[in-house]
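Chemist: take this sequence and fold it.
(4 chains)
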2 protein chains.
Amino acid sequence: MEIKNIKLLICDDHTMLSQAIAGFLKDQSFVEKVFVCTNAKDTIEEFKKDKYDVVILDVNMPEMSGIELSKFLSNEYENLKIIMLSMRSDILTVKECIRNGAHGYLLKNADLTEIIEAIKRVLAGKSYFSKQISESLLDSQYNFSSLKDDIFITPREREILSLVITEKSTKQISEALNISENTVETHRKNLMKKTNTKTTVGLVKYAIERSLF
Amino acid sequence: MEIKNIKLLICDDHTMLSQAIAGFLKDQSFVEKVFVCTNAKDTIEEFKKDKYDVVILDVNMPEMSGIELSKFLSNEYENLKIIMLSMRSDILTVKECIRNGAHGYLLKNADLTEIIEAIKRVLAGKSYFSKQISESLLDSQYNFSSLKDDIFITPREREILSLVITEKSTKQISEALNISENTVETHRKNLMKKTNTKTTVGLVKYAIERSLF
DNA sequence: AAAACAATCACGGAATTCCGTGATTTTTAG
DNA sequence: CTAAAAATCACGGAATTCCGTGATTGTTTT
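Modeler: Alright, predicted model coming up:
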């Protein structure tokens, strides 16, 4: 099957990156159109106007993240291929992207030409991951610790975490939520267990890095 | 004065971005050469081999930051023009860049064509800042609070902060750096004062949010 | 209905952070 | 050469986090 007349959409709040990549892709012979968006809303709008074969989505965007957008688009458009773009290489994020419809995952510090490779692969019904990612993914298949990695934070835990990262102490949180300090501590302990961190610092990093708030 | 035969060097650990921008710049008539680096070390090496008119440096890079690199290059090469590239728009960072020799400051979410404008401006001996930045800079001239904002984190403090965010305790840090726990505590206290935070959590947020590491 | 999960609470002790206050020694820049 | 800035250290006490261990009560899910 020959690939041609492909229509692409890139969504990344770093305009400089998306425009530059768009310029690069426009030069490719198999590309018919490249549309650039800087946020999820515009992307959804544009999808109502035209049909696209492949979208390249930044994972971390304000308002609506690329992951949420991916979930939405993959539900709406059956044949659409989705490639995520991210500067983070942690497996949890990658897995979450896959669960939400992504077919490929590219690192921003990968070589630019990987994009071409990725587009061709996903159009051929296969998947594509930056080298570093695919290695980690393979590891995680055989690695025990990666399984318990599949973390689910409960609503209450998330609520407590949100207060933790605003520099509230256990006492302050307990007062804000009208529960005992012991309970708050238990939640914090469980959070640390689930996120596999030892200190509040780790918790904060976990939360911020995957832009939970 | 006409601008032509310009040699550019781009340094950004996000290869995808630097390569894409390089592609864009190569198409410009006034550009003779564009060299791409992904880290400070390679950049310094390359400068020993060839002469450049303008460098575009990412502010946040692992190992040696763009700011440090800027300081080094502006000292070594008198006529070199330096444009910083960053995703953060906080004035403190901008000011620090200026202090360290930068002539321009571009946001990654600015329009790609701004680069052309910036290059032409700095080559003409002027400065260039993304709109959002120049507005903030103007504000800060008249705004009191922005002055006391002028935080200077010393190299040592930065070092300690980097260990703090890797979940190291005061004791562990003191051992790693071979200094007393008291000293580490003092640094932490000073950091919290300077960053206007009350807890380690705040410190971690400060560091991550402006991607200091 | 039983198992699994979520949310709640308790206690005690070790470890760590936080805070004020003050001081000495390098190092750096004018 | 001298200020200024940076890095070093000290002490003591209050506050907070961290950790283990265990338990009760609802609420889903199968």
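Chemist: so which residue is smack in the middle of chain A?
Modeler: By CA atoms, centre = their mean, chain A has its centre lying nearest to A:V59, at 3.6 Å.
Chemist: nearest residue to that residue in space, please, no chain neighbours.
Modeler: Distances taken as CB to CB, 6 or more residues apart in numbering or on different chains put A:S86 closest to A:V59, at 3.9 Å, once the chain neighbours are dropped. (Each C-beta comes from the backbone N, C-alpha and C, glycine too.)
Chemist: now do A:L123
Modeler: A:I3 (5.5 Å).
Chemist: hang on, that neighbour in a helix?
Modeler: No: per DSSP: H, G, I helix; E, B strand; the rest coil, A:I3 lies outside any helix segment and is coil.
Chemist: helix or strand right after the helix or strand of chain A with the lowest mean pLDDT?
Modeler: Ranked by mean pLDDT, DSSP states H and E, the weakest helix or strand in chain A is helix A:144-147, scoring a mean of 43. Next helix or strand after helix A:144-147 toward the C-terminus (DSSP states H and E): helix A:155-164.
Chemist: not counting sequence-adjacent ones, nearest residue to the residue in chain A sticking out farthest from the centre?
Modeler: Ranked by distance from the centre of chain A (CA atoms, centre = their mean), the top residue is A:S180, with 35.3 Å. Once flanking residues are discounted, A:S180 sits nearest to A:S174: 6.0 Å by CB to CB, 6+ apart.
Chemist: in what helix or strand does the one you found lie?
Modeler: Counting by DSSP H and E, A:S174 is part of helix A:170-177.
Chemist: elements contacting that helix?
Modeler: On a contact count with 3 or more CB pairs under 8 Å, 6 or more residues apart in numbering or on different chains; DSSP states H and E, helix A:170-177 meets helix A:155-164, helix A:181-195.
Chemist: quick check on the residue nearest to A:V59: phi, psi?
Modeler: Main-chain torsions, A:S86, degrees, to the nearest 10: phi -150, psi 160.
Chemist: that one touches A:K108, doesn't it?
Modeler: Yes: the pair A:S86 / A:K108 is scored as a contact, 6.7 Å apart, by CB atoms under 8 Å.
Chemist: thinking again about what came up before, could you list the buried residues of the helix holding A:S174?
Modeler: A:170, A:173-174 (16 or more other CB atoms under 10 Å in any protein chain shown).
Chemist: quick check, nearest of those to B:T200?
Modeler: Closest approach between those and B:T200, by CB to CB: A:T170, at 14.0 Å.
Chemist: mind showing which ranges of chain A have poor pLDDT?
Modeler: Of all residues in chain A, those with pLDDT under 70 make up the ranges A:1, A:92, A:139-151, A:210-213.
Chemist: residue ranges for the helices of it, please.
Modeler: Assigned by DSSP state H, chain A shows helices spanning A:15-26, A:40-49, A:66-76, A:91-99, A:114-123, A:131-142, A:144-147, A:155-164, A:170-177, A:181-195, A:200-209.
Chemist: highest mean neighbour count out of those helices?
Modeler: For the helices of chain A, the largest average neighbour count (mean count of other CB atoms under 10 Å in any protein chain shown) is found in helix A:15-26, namely a mean of 22.
Chemist: now the residue of chain A found nearest chain B. Nearest residue, chain neighbours left out?
Modeler: Nearest residue of chain A to chain B, counting by CB to the nearest CB: A:A20, 3.4 Å away. Spatial nearest neighbour of A:A20, excluding adjacent residues (CB to CB, 6+ apart): B:A20 at 3.4 Å.
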